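1. coordinates only, sequence not included:
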């Protein structure tokens, strides 16, 4: 039965696809674009159509040895070469190696005379020659609207569009055609999406002054594919797509323990630290040392020779390094050694998805074992509660897949209650360990307290520990209980003073009792000595009396013996 199933699986048809070479795109297309068929990429201006199609061509040449032809109807060849050179793509070298043809076809509306016999034979001849020159396997046409800009006759236009797509299929090349977005249709003509085997829509939207590019696969004939919207990033390396909504919970786990770095905090965990690859949340009100605890953790990891990335949304690297150095945490040597990378920016610089994509890129290039985000609560300024929660879920999943230990800090409102903060609900149920730091106010002063809300997979202390921060860093104090609960600050000091006074009074009383006992002992010893002397005197008198009596008895006995002799 097993052999039969294996044979059936081995004979299963695999849909032929051409890998795009674009990071993340092959995953959501499950292998790439349909091989030997046309793919339509459409969208508005500035959404990345030309760059995506150019990257498809270049990656095909470099990574898969598939020569290509890029035919542009808008930009001259020299402009295209210069535009992609900043991304590290050397088109001139690929041309010299006979791997690439970049052709610019100039189309002017004034030069087009519409007639009933209009066709694209000239384009077919020119494109066919380019394909034969380099034996191209991939072709890009950018963009169709420029090619048909001079035609108003919809019948001719639609007929030639169908003819173009059929001709590309007959050539056996994997073609990518770019098109501009229409008002009520995906493209201006409204026909390309129907004759294409794969349709991808790119979108560049701005919400609350935050720009985000997204991608969606509308259709893919003969293959399953991701159906969600996926954000993508354009940077110095080109386009990078993260299929963040398709991540699964199938990550491996580790039993290795990593130290918190905070003196005394490790002892509050039964395993003396966090699990490697776990997620930790440090939540608390403003000024409760969340960033300091995070810096301790980063410092500890770097001391062990592990790399760490710290995202700071509130402080610059220089400010963070200076502030931590004042309490004995020297981060600068770790930065110089390349163990610590501090990324500082305002959260509004990117959308939620782009922050996630940036982190993914850093993980790939820097390969850290620890990631710290301080604070995640600032992300609410660029998204709703649900959007931030969704982004954090995907972020945590991505970190777990890479077995990266993550520490997040979160600012929570002061509600006057020393307990778990409801404001951290966006992530508290997702993390493995949740530590809360809060203000404890009383007797006209503010003190800091720390306790562990939860820690999956290990036991932990249920105590609320007060801690102080000085030039020597964080110091966790022992728990002191008073008549009304935990004592902190001045109450702790007053309790210690009262305990010292009580102890001193007790010692004084003990000393007094000792002295009294010593006096009584001395008196008793004197009385004993007196009685002893009296006893000895009486005993001596008794001895004298007995001796006298014995002497008298002897004398009497002697007299009696003398009389008897006479």
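-> Great, that's in hand. Everything numeric here is computed off the predicted structure, so don't read it as measured data.

2. Near the closest residue to residue 221 other than its chain neighbours, how many other residues are there?
-> Nearest in space to residue 221, with sequence neighbours left out and distances taken as CB to CB, 6 or more residues apart in numbering, is residue 197 at 4.5 Å. Backbone N, C-alpha and C define where each C-beta goes, glycine included. Other residues lying near residue 197 total 19 when counted by other CB atoms under 10 Å.

3. next one: residue 441
-> 14.

4. same thing with the one 10 residues further on?
-> Taking other CB under 10 Å as the neighbour definition, residue 451 ends up with a count of 19.

5. could you give the mean pLDDT of the helix or strand hosting it?
-> Element membership for residue 451 (DSSP states H and E) is strand 445-455. Mean per-residue pLDDT for strand 445-455: 86.

6. Give me the helices and strands touching that strand, please.
-> Counting contacts by 3 or more CB pairs under 8 Å, 6 or more residues apart in numbering; DSSP states H and E, strand 445-455 is packed against strand 433-442, strand 465-470, helix 489-565.

7. nearest to residue 34, of the ones you listed?
-> Of all the helices and strands packed on strand 445-455, it is strand 433-442 that lies closest to residue 34, at 46.3 Å by CB to CB.

8. Distance from the chain centre to the closest one, please.
-> Put simply, strand 433-442 sits 22 Å off its chain's centre (CA atoms, centre = their mean, to the nearest Å).

9. who touches the strand holding residue 451?
-> With CB atoms under 8 Å, 6 or more residues apart in numbering as the test, strand 445-455 has contacts from 265, 268-269, 288-289, 418, 420, 428, 432-441, 460-469, 476, 486, 488-490.

10. List the buried residues for it?
-> 447-453, 455 (16 or more other CB atoms under 10 Å).

11. quick one, helices of the stretch 151-300 of the chain?
-> Along the stretch 151-300 of the chain, counting by DSSP state H, counting those that start in this stretch, helices occupy 154-171, 192-195, 290-303.

12. follow-up on the earlier one: can you tell me which residues contact the residue nearest to residue 221?
-> 34, 37-39, 220-222.

13. hmm, which two among these are most spread apart?
-> Largest pairwise distance in those, by CB to CB, is 13.2 Å, between 38 and 222.

14. quick one: which of the two has more around it?
-> The neighbour count for residue 38 versus residue 222, taken as other CB under 10 Å, is higher for residue 38 (25 against 12).

15. Residue 60 in helix, strand or coil?
-> On the three-state scheme (DSSP: H, G, I helix; E, B strand; the rest coil), residue 60 is labelled helix.

16. just checking, residue 476 touches residue 266?
-> No: between residue 476 and residue 266 there is no contact under CB atoms under 8 Å: 10.1 Å.

17. before we move on, back to that, so which of the helices of the stretch 151-300 of the chain comes closest to residue 19?
-> Taking these one by one with CB to CB, helix 154-171 is closest: 19.0 Å.

18. so how far is the closest one off the chain centroid?
-> 49 Å.

19. same thing with stretch 211-226?
-> 27 Å.

20. before we move on, what about stretch 505-517?
-> For stretch 505-517, the distance to the chain centre is 62 Å (CA atoms, centre = their mean).

21. thinking again about what came up before, export the helices of the stretch 151-300 of the chain as a markdown table, with columns for mean neighbour count and mean pLDDT.
-> Formatted as a markdown table, the helices of the stretch 151-300 of the chain follow (neighbours: other CB atoms under 10 Å; pLDDT from 0 to 100):
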| stretch | mean neighbour count | mean pLDDT |
| --- | --- | --- |
| helix 154-171 | 16 | 81 |
| helix 192-195 | 20 | 75 |
| helix 290-303 | 23 | 94 |
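
22. circling back to that earlier point, need the contacts of residue 197 in a markdown table (columns: distance to residue 385).
-> Formatted as a markdown table, the contacts of residue 197 follow (distance: CB to CB, whole Å):
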| residue | distance to residue 385 |
| --- | --- |
| 34 | 40 |
| 37 | 43 |
| 38 | 42 |
| 39 | 37 |
| 220 | 34 |
| 221 | 39 |
| 222 | 40 |
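
23. Could you export those residues to TSV, including columns for pLDDT?
-> Below are the contacts of residue 197 laid out as TSV (pLDDT from 0 to 100):
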residue	pLDDT
34	93
37	91
38	91
39	92
220	93
221	90
222	87
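
24. Among those, which one sits closest to residue 177?
-> residue 38 (5.9 Å).

25. pretty sure the closest one contacts residue 166?
-> No: checked against CB under 8 Å, the pair residue 38 and residue 166 is beyond contact range at 9.3 Å.

26. which residues in the stretch 201-350 of the chain form strands?
-> For the stretch 201-350 of the chain, the strands defined by DSSP state E, counting those that start in this stretch cover 210-220, 230-235, 238-241, 257-258, 274-275, 279-284, 308-312, 340-344.

27. packing partners for the third one?
-> Taking 3+ CB pairs under 8 Å, 6+ apart as contact, the helices and strands that strand 238-241 lies on are helix 25-28, helix 49-64, strand 230-235, helix 352-366.

28. Ok, the fourth one next?
-> With contacts defined as 3+ CB pairs under 8 Å, 6+ apart, the packing partners of strand 257-258 are strand 274-275.

29. who touches the strand it packs on?
-> 253-258, 260, 280, 405, 432-433, 457-458.

30. Kindly write the PyMOL command that selects the buried subset of the residues you listed.
-> Command for PyMOL that selects the buried part of the contacts of strand 274-275, burial taken from 16+ other CB under 10 Å:
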select buried, resi 258+260+280+405+432+433+458
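
31. Taking the contacts of strand 445-455, please make a PyMOL selection of just the buried ones.
-> Typed into PyMOL, the line below selects the buried ones among these, using 16+ other CB under 10 Å:
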select buried, resi 265+268+269+288+289+420+428+432+433+434+435+436+437+438+439+440+460+464+465+466+467+476+486+488+489
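
32. Touching, residue 31 and residue 20? I think so.
-> No: with contact defined as CB under 8 Å, residue 31 does not reach residue 20; the gap is 9.2 Å.

33. Comparing the two, which residue is more hemmed in?
-> For the pair residue 31 and residue 20, the greater number of neighbours falls to residue 20 (28 against 17), based on other CB under 10 Å.

34. What separation is there between the residue positioned nearest the centre of the chain and residue 183?
-> Centroid-nearest residue in the chain, with CA atoms, centre = their mean: residue 406, separated by 4.1 Å. As defined by CB to CB, to the nearest Å, residue 406 lies at a distance of 44 Å from residue 183.

35. What is the most widely separated pair among the buried residues of strand 445-455?
-> 447 and 455 (23.8 Å).

36. Can I get the buried residues of strand 445-455 in a markdown table including distance to residue 192?
-> As requested, the buried residues of strand 445-455 are exported to a markdown table (distance: CB to CB, whole Å):
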| residue | distance to residue 192 |
| --- | --- |
| 447 | 68 |
| 448 | 63 |
| 449 | 64 |
| 450 | 61 |
| 451 | 61 |
| 452 | 59 |
| 453 | 55 |
| 455 | 56 |
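
37. now, among the residues you listed, which is nearest to residue 299?
-> Checking the buried residues of strand 445-455 one by one against residue 299 (CB to CB), the nearest turns out to be residue 450, at 17.7 Å.

38. Quick check: which ranges of the stretch 351-500 of the chain have low pLDDT?
-> Applying pLDDT under 70 to the stretch 351-500 of the chain flags residues 351, 353, 381-384, 414-426, 442-444, 479-495.
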